[in-house]
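Asks: Could you work out the structure for the sequence below:
(chains A and B)
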Amino acid sequence: NAGVTQTPKFQVLKTGQSMTLQCAQDMNHEYMSWYRQDPGMGLRLIHYSVGAGITDQGEVPNGYNVSRSTTEDFPLRLLSAAPSQTSVYFCASSYGVGGRTEAFFGQGTRLTVV
Amino acid sequence: GQQLNQSPQSMFIQEGEDVSMNCTSSSIFNTWLWYKQEPGEGPVLLIALYKAGELTSNGRLTAQFGITRKDSFLNISASIPSDVGIYFCAGPLGGGADGLTFGKGTHLIIQP
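Replies: Predicted coordinates for the structure are as follows:
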């Protein structure tokens, strides 16, 4: 049982390049989300999904796109990378049963935009 | 958006000491989660709280859901070197499983 798997672990992009951060979960969770973590900060929500075909914006969505075609996968796309998007990105999956929710995180992707 | 204020920002303690940290919010939460993050890793869930006044333990860790529903506390008893890391409190942004808001973390450093 792998939990939440993120790839790649590290990435360097040039300003203006595009890329997709991959996230897959094998826990059959309905909910998935993306966060970014900057030095000295907690995690901030970028986008989330409450099920296949349904996505919505979080606190800091600008510059990022998502889609959710399957329960297992939730990729995050940077269409035109900017230095301000240098950060560590975490994907999480969670369930919500009886009003309870617990999110489980991947190991992160460290992205540097130069 | 909702903001969680976590304190202290960092703690330098001796091995064997007890640790206390807290998290406050201007809004009411129906869930409080405590996570630990080690270098190069994602956050790992330690304790989940769902009811005001609830006190829950996980080994040497004990967390409480404040009566006002605007705060939560995490205590670690008899700290050991592997307790080193950053501890985050988190709560749901909305009413359901639509993402979390996090505090800025408490960095725990243990001096031998």
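
Asks: Over to A:Ala2. Which of the three states is it?
Replies: Three-state secondary structure (criterion: DSSP: H, G, I helix; E, B strand; the rest coil) places A:Ala2 in coil.

Asks: Neighbours of the closest residue to it other than its chain neighbours, how many?
Replies: By the measure of C-beta to C-beta, 6 or more residues apart in numbering or on different chains, the closest residue to A:Ala2 outside its immediate chain neighbours is A:Asp26, 5.5 Å from it. From N, CA and C alone the C-beta is placed, and that goes for glycine too. Using other C-beta atoms under 10 Å in any protein chain shown, A:Asp26 has 13 neighbouring residues.

Asks: what's the answer for A:Asn28, then?
Replies: Here the count is done by other C-beta under 10 Å, and A:Asn28 has 9 residues near it.

Asks: how near is it to A:Tyr95?
Replies: To A:Tyr95, A:Asn28 is 8 Å away according to C-beta to C-beta, to the nearest Å.

Asks: Which of the helices and strands in chain B ranks last by mean pLDDT?
Replies: Of all the helices and strands that make up chain B, the one with the lowest confidence by mean pLDDT, DSSP states H and E is strand B:100-102; it has a mean of 91.

Asks: Show me what it packs onto, helices and strands only.
Replies: strand A:43-51, strand B:85-92 (3 or more C-beta pairs under 8 Å, 6 or more residues apart in numbering or on different chains; DSSP states H and E).

Asks: That one: partners in the sheet, and parallel or antiparallel?
Replies: In the sheet containing strand B:100-102, the strands it pairs with under DSSP bridges are strand B:85-92 (antiparallel).

Asks: which other residues reach the partner strand?
Replies: The set of residues external to strand B:85-92 that reach it, using C-beta atoms under 8 Å, 6 or more residues apart in numbering or on different chains, is A:42-43, A:101, A:103, B:2, B:4, B:6, B:21, B:23, B:25, B:29-39, B:43, B:46, B:72, B:74, B:98-103, B:105-108.

Asks: show me where chain A has strands.
Replies: Listed from the start of the chain, chain A has strands (DSSP state E) covering A:4-7, A:10-13, A:19-25, A:31-37, A:43-51, A:54-57, A:64-66, A:76-78, A:87-97, A:100-105, A:109-113.

Asks: Please save the CA atoms from the first one in PDB.
Replies: Extracted C-alpha coordinates of strand A:4-7, given in PDB (Å, rounded to 0.1, in the frame of the first residue of the first chain):
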ATOM      1  CA  VAL A   4       0.100   9.000  -1.900                       C
ATOM      2  CA  THR A   5       2.800   9.000  -4.500                       C
ATOM      3  CA  GLN A   6       4.200  12.200  -6.100                       C
ATOM      4  CA  THR A   7       6.600  12.500  -9.000                       C
END
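
Asks: Enumerate the positions of that strand that are buried.
Replies: Judged by neighbour count (16 or more other C-beta atoms under 10 Å in any protein chain shown), strand A:4-7 contains these buried residues: A:Val4, A:Gln6.

Asks: Given that strand, what are its sheet partners and their directions?
Replies: Under the criterion DSSP bridges, the sheet neighbours of strand A:4-7 are strand A:19-25 (antiparallel).

Asks: Chain B: strands as residue ranges?
Replies: Taking DSSP E as the test, the strands found in chain B are B:4-7, B:10-14, B:19-25, B:32-37, B:44-49, B:55-58, B:61-65, B:71-76, B:85-92, B:100-102, B:106-111.

Asks: Mean neighbour count added to these, as JSON lines?
Replies: Listed next are the strands of chain B as JSON lines, based on neighbours: other C-beta atoms under 10 Å in any protein chain shown:
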{"stretch": "strand B:4-7", "mean neighbour count": "18"}
{"stretch": "strand B:10-14", "mean neighbour count": "13"}
{"stretch": "strand B:19-25", "mean neighbour count": "20"}
{"stretch": "strand B:32-37", "mean neighbour count": "24"}
{"stretch": "strand B:44-49", "mean neighbour count": "18"}
{"stretch": "strand B:55-58", "mean neighbour count": "13"}
{"stretch": "strand B:61-65", "mean neighbour count": "20"}
{"stretch": "strand B:71-76", "mean neighbour count": "21"}
{"stretch": "strand B:85-92", "mean neighbour count": "24"}
{"stretch": "strand B:100-102", "mean neighbour count": "26"}
{"stretch": "strand B:106-111", "mean neighbour count": "16"}
